[in-house]
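**Q** using only what follows, build the 3D model:
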Amino acid sequence: MSLKKLFSFSMLTFCSSFIAQAEEWQTIPVPDSMEITLPGGEQKIIQPSCAMDEVPVPGPDGNPIMLPNDFRFYFQPGDSDNLLIFLQGGGACWNDATCVDSLILQQDGNPQSRPTYNPSIYTENDPRQVGGIFNDAREDNPFRDWNKVFVPYCSGDLHVGSSDNVYTDNTGAITGQPGAPVLIKHRGHDNVMAVREWLKTNYPGKNPRNVLISGSSAGGYGATLNYPYFESAFSRSRTALLSDGAMGVMTQGFVDDVLTDGGPWNLEATLPRQYERMLGRFYAFSLNNQLMKALTYQYPFDRFAQYSTGLDAVQIQFFKIADQIDRGNLDPASWQLSESEFLYFLTWHFRMATSINTLSVFTWNYQYYLGEGTCHTILTDFCEQTELPVSSPSPFFNETSAGGVPFKDWLYDFATKRNFRENSVSYTN
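**A** Below is the predicted model:
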């Protein structure tokens, strides 16, 4: 362990002693290797990390400089006895084309293209910059006095990986050598478990009244797949899950290549038992239902919810990316979604709507909010821009398209009401 990491590890306890005295966001450093205790009592060594050890960031003169890309997370104490845990989004990667070749688009600065994932701890990973549910300056934010944990996302694995993979730089644009290897660390699960370990020992409340486990986009999947780990740390609290912009509409090829034993993220070593039994038995047409039913049935006294817009442009784009890869198209520059591709829009919407309505019928502790438009995610102010028309920014405060129901109030009631009563709402009603 480096001296810097060793110092960071010693700072974990030091920082926690000041948390109860401050109201600002605390940056919690994480060592690159640590021992944790799993819910069943088993000890395990994890290696928290971002996808790359170093990333370029703009220097003082405007030219890029390389900075250490160490994983860290953020905590803000609140005045209530409630806790919000949020997992940030930022795409995903699982092969040479997505993990390496797509980054070239970012280097070229092509406004019509984007990388499929964010490997940087610096980009869109600071709670003080994302707004939305973290905007405590607004008096109409019902979560402003909650204790908050913000888990950055920089591993490309939906917060569930625990492996180091070597991919190929086919063009040489990243390494300067065509065909050269590129090491990508899929350690999102290790990062989440480091956060959980810190919460177990340092969270001042220990047993908050309400715990809302949430995530946007890739973080929505991460919150869903890691829910049993967080729930076990706060089993005496009223616990709820909100998955934001993560409706599980993907292709069977993606499911077979990634959500399986021996896949690129080593899921057989990370998933809770509820999901591990499903590896190799996930089906694209029922993926979202499989994930949510596993939770609703396992935790009948907890509550679960999902949010999406009816034509979420980013989710549809990732559906297209997976389909193009299944068809053998490995050129990221050709993956951009266009407004004329009606079949992708119609297929995604049909499968998404079928999923949430089926869950509403066959579960007793689930609800959804389906908003109008193409905006991707609602918990922060990042309504990702594509060339497609999008809903207005700051959707967390402005969203009322589902029958006039304000989303922020809908979410607060869902997370805090003593007794759960389903309140699914949609812009189509």
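
**Q** does anything pack onto the helix or strand harbouring Glu35? Which helices or strands?
**A** Applying DSSP states H and E as the criterion places Glu35 in strand 34-37. Strand 34-37 is packed against strand 43-46, helix 188-202, with contacts defined by 3 or more C-beta pairs under 8 Å, 6 or more residues apart in numbering; DSSP states H and E. C-beta coordinates here come from the backbone N, C-alpha and C atoms, glycine included.

**Q** could those go into a markdown table alongside mean neighbour count?
**A** What follows is these, written out as a markdown table (neighbours: other C-beta atoms under 10 Å):
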| stretch | mean neighbour count |
| --- | --- |
| strand 43-46 | 13 |
| helix 188-202 | 23 |
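
**Q** Thr37 is nearest to which of those?
**A** With C-beta to C-beta as the measure, strand 43-46 is the member of these nearest Thr37 (6.1 Å).

**Q** let's see that closest one as PDB, backbone CA atoms only.
**A** C-alpha atoms of strand 43-46 as PDB (Å, rounded to 0.1, in the frame of the first residue of the first chain):
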ATOM      1  CA  GLN A  43     -14.200 -11.800   6.100                       C
ATOM      2  CA  LYS A  44     -13.200 -10.700   2.600                       C
ATOM      3  CA  ILE A  45     -10.400  -8.600   1.100                       C
ATOM      4  CA  ILE A  46     -11.600  -6.000  -1.400                       C
END
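
**Q** now find how far off-centre that strand is within its chain.
**A** Put simply, strand 43-46 sits 23 Å off its chain's centre (C-alpha atoms, centre = their mean, to the nearest Å).

**Q** could you do stretch 332-350 as well?
**A** 22 Å.

**Q** where does the prediction get shaky in the stretch 151-300 of the chain?
**A** 205 (pLDDT under 70).

**Q** ranges for the strands of it?
**A** 163-169, 180-186, 210-216, 238-244 (DSSP state E, counting those that start in this stretch).

**Q** now for these, which one comes closest to Gly131?
**A** Among these, the nearest to Gly131 by C-beta to C-beta is strand 210-216 (12.1 Å).

**Q** contacts for the closest one?
**A** Applying C-beta atoms under 8 Å, 6 or more residues apart in numbering, the external contacts of strand 210-216 come out as 82-89, 143, 146, 151, 159, 220-224, 227, 230-231, 234, 237-246, 377-380, 382, 411, 415-416.

**Q** got it, and stretch 362-369?
**A** In contact with stretch 362-369 (C-beta under 8 Å, 6+ apart) are residues 292-293, 296-297, 299-308, 356, 359-360, 399, 402, 405, 407, 410-411, 414, 420, 422-426.

**Q** and Asp312, how many neighbours does it have?
**A** Asp312 sits with 30 neighbouring residues when counted by other C-beta atoms under 10 Å.

**Q** I'd like the helices and strands packed on strand 34-37 written out as a markdown table, with distance to Asp53 added.
**A** Below are the helices and strands packed on strand 34-37 laid out as a markdown table (distance: least, C-beta to C-beta, whole Å):
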| stretch | distance to Asp53 |
| --- | --- |
| strand 43-46 | 17 |
| helix 188-202 | 14 |
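
**Q** and Asp53, how far from His189?
**A** 18 Å (C-beta to C-beta, to the nearest Å).

**Q** correction: Ile378
**A** 25 Å.

**Q** got it, and Asn423?
**A** From Asn423 to His189 the distance is 32 Å (C-beta to C-beta).

**Q** likewise for Tyr122?
**A** From Tyr122 to His189 the distance is 22 Å (C-beta to C-beta).

**Q** still on that earlier bit, partner strands of the strand holding Glu35, with direction?
**A** Each strand paired with strand 34-37, and its direction, by DSSP bridges: strand 43-46 (antiparallel).

**Q** pLDDT on the partner strand, on average?
**A** Averaged across strand 43-46, pLDDT comes to 96.

**Q** the contacts of stretch 362-369, buried ones only, as a ChimeraX selection?
**A** Per 16 or more other C-beta atoms under 10 Å, the buried members of the contacts of stretch 362-369 correspond to this ChimeraX selection:
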select :292,293,296,299,302,303,304,305,306,307,308,356,359,399,402,405,407,410,411,414,420,424,425,426
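
**Q** which ones among the contacts of stretch 362-369 lie within strands?
**A** Counting by DSSP state E, the contacts of stretch 362-369 place Arg303, Phe304, Ala305, Gln306, Tyr307, Ser308, Val425, Ser426 in strands.

**Q** nearest to Ser394, of those residues?
**A** Tyr307 (14.8 Å).

**Q** please name the residues that touch that closest one.
**A** So Tyr307 contacts Leu242, Ser243, Asp244, Gly245, Tyr368, Tyr369, Leu370, Gly371, Ile378, Phe407 (C-beta under 8 Å, 6+ apart).

**Q** any idea how far Pro127 is from it?
**A** With the distance defined as C-beta to C-beta, Tyr307 ends up 19 Å from Pro127.

**Q** also Pro208?
**A** Pro208 is 18 Å from Pro127, by C-beta to C-beta.
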